[in-house]
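1. here are the coordinates; sequence isn't available:
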């Protein structure tokens, strides 16, 4: 199990839910299979300067409707938007998901993975999206975002899904919680399980929710040189 420092500076719940990312709607609409994939909730996001900003709370509201094909599509897009920002190059990288898979394939794989999440838990859902239900160009850094938003409220198994990306991975290394050869991407299912164990252990010891630990790791990683 990954052991995280007990004195890690953890954000409060409102700070986590309020973590917001700017996005450019005009960059996303042309790269989606069609306009129905766009979550209309994003059109109500507040403008901060030039861009609207979407926070975790909004994506969670979209995830609550993921019991239909359209709802799962919009959850996927919302998670991608929240994790991408406004750079055209970053949006184009995410667009590869839609260019290289028919919508029906994305639907089937996403449905199977979220069923695994509901019935067997976060580790099994991770395995699915990392193996037999893998969606080309949807890597772990983003599919763990999808699982996180889909599974926070009613997780099966012992762990809530939480996000694992390269920034979190860098924090784990800097805190000496993992070995030097811990990868910055492409984690195995067992590595994700170890990460979940460590996050949930600290969350339980500190009396917080697991995503408060994940957000603290992300913040720590962003401050590294």
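-> Received, thanks. Given the structure is predicted, the values throughout are model-derived calculations rather than measurements. Numbers count the residues shown, from 1 in each chain.

2. Let me see the ranges of the helices in the protein.
-> Per DSSP state H, the chain carries helices over the ranges 13-17, 25-28, 56-63, 69-84, 88-99, 103-120, 122-130, 140-151, 166-174, 189-206, 210-222.

3. Go through the ones you listed and name the closest to residue 36.
-> For residue 36, the closest of the helices of the chain is helix 69-84, at 6.4 Å, according to Cβ to Cβ. For glycine as for every other residue, the C-beta is placed from the backbone atoms N, C-alpha and C.

4. In the chain, where is pLDDT below threshold?
-> 153-155 (pLDDT under 70).

5. Can you pull up the most central residue in it?
-> Centrality entry for the chain: nearest residue to the mean C-alpha point is residue 145, 1.0 Å, by Cα atoms, centre = their mean.

6. that older thread, pick the most buried one from the helices of the chain.
-> Ranked by mean neighbour count, the helices of the chain are led by helix 140-151 with a mean of 25 (mean count of other Cβ atoms under 10 Å).

7. same for the longest strand anywhere in the chain, what does it pack against?
-> Scanning the chain for the longest strand, with DSSP state E as the assignment, gives strand 51-55. Judged by 3 or more Cβ pairs under 8 Å, 6 or more residues apart in numbering; DSSP states H and E, the packing partners of strand 51-55 are strand 20-22, helix 69-84.

8. which outside residues touch the longest one?
-> Outside of helix 69-84, the residues that reach it under the criterion Cβ atoms under 8 Å, 6 or more residues apart in numbering are 21, 23, 28, 32, 36-39, 41-42, 54-56, 58-59, 62-63, 65-66, 90-91, 94, 97, 103, 106-107, 110-111, 114, 141-142, 145-146, 148-150, 165.

9. And for stretch 168-177?
-> Against stretch 168-177 from outside (Cβ under 8 Å, 6+ apart): 2-5, 8, 178, 180, 182-185, 187, 195, 198, 214, 217-218, 220-221, 224.

10. and the helices and strands packed on strand 51-55 as a markdown table, adding distance to residue 206?
-> Putting these into a markdown table (distance: least, Cβ to Cβ, whole Å) gives the following:
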| stretch | distance to residue 206 |
| --- | --- |
| strand 20-22 | 24 |
| helix 69-84 | 25 |
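
11. Nearest to residue 208, out of the ones you listed?
-> strand 20-22 (20.4 Å).

12. now that closest one, how far from the centre of its chain.
-> 14 Å (Cα atoms, centre = their mean, to the nearest Å).

13. ok, now stretch 60-77?
-> With Cα atoms, centre = their mean, you get 13 Å for stretch 60-77.

14. Over to stretch 113-122?
-> 15 Å.

15. Next: stretch 87-99.
-> Worked out by Cα atoms, centre = their mean, stretch 87-99 lies 16 Å from the chain centre.

16. what does it contact?
-> 24, 27-28, 31-33, 80, 84, 106, 135-138, 142.
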